[in-house]
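> just the structure for this:
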Amino acid sequence: MITKQLHDVPVGSKVKIIRPKHYLGTPPASFNIKEDEVLTYTFKDGMYACCTDEEGNKLHVAGWTEVEIIEERLADSE
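Coordinates of the predicted model:
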C-alpha cells in the first residue's frame with residue numbers, strides 16, 4: 001500500500017482516504033466523503049485538493065489528508 005499526503009499525489013490519480021478523522025479539513029459546503037470511497041484527484045486549490053467521486057460530485061479535501069494511492073497517474077499521461 002502506497003500512502004502520501006494528498007497534495008504530494010500526481011493530479012489525475014485515484015486515491016482513497018485512509019486516515020479519516022472527525023474533521024478532514026473539508027469546507028462546510030463540501031459533500032460528505034464515504035468510507036473506502038475512491039476519489040480522483042483533479043486539481044490543487046490552495047490548501048485544498050479538488051477531487052471527484054465515482055458519481056462526478058466535486059469534493060474539496062485538505063491537501064494534508066493522508067491517502068492510499070489506488071492508481072497513480074504517470075507524469076507523461078494525458
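
> pull the number of nearby residues for Leu59.
Neighbours of Leu59 under the rule other CB atoms under 10 Å: 21. Quick note: C-beta positions are derived from backbone N, CA and C, even for glycine.

> looks to me like it is in a strand.
Yes: applying DSSP: H, G, I helix; E, B strand; the rest coil, one finds Leu59 inside a strand.

> OK, contacts around His7?
When contacts are counted by CB atoms under 8 Å, 6 or more residues apart in numbering, His7 touches 44, 49, 63-64.

> angles on the backbone of it, please.
Main-chain dihedrals, His7, degrees, to the nearest 10: phi -70, psi -10.

> next up, the contacts around the nearest residue to Gln5 once chain neighbours are set aside.
In space, and not counting its chain neighbours, Gln5 is closest to Trp64: 5.2 Å by CB to CB, 6 or more residues apart in numbering. By CB under 8 Å, 6+ apart, the contact list for Trp64 reads 5-7, 25, 47.
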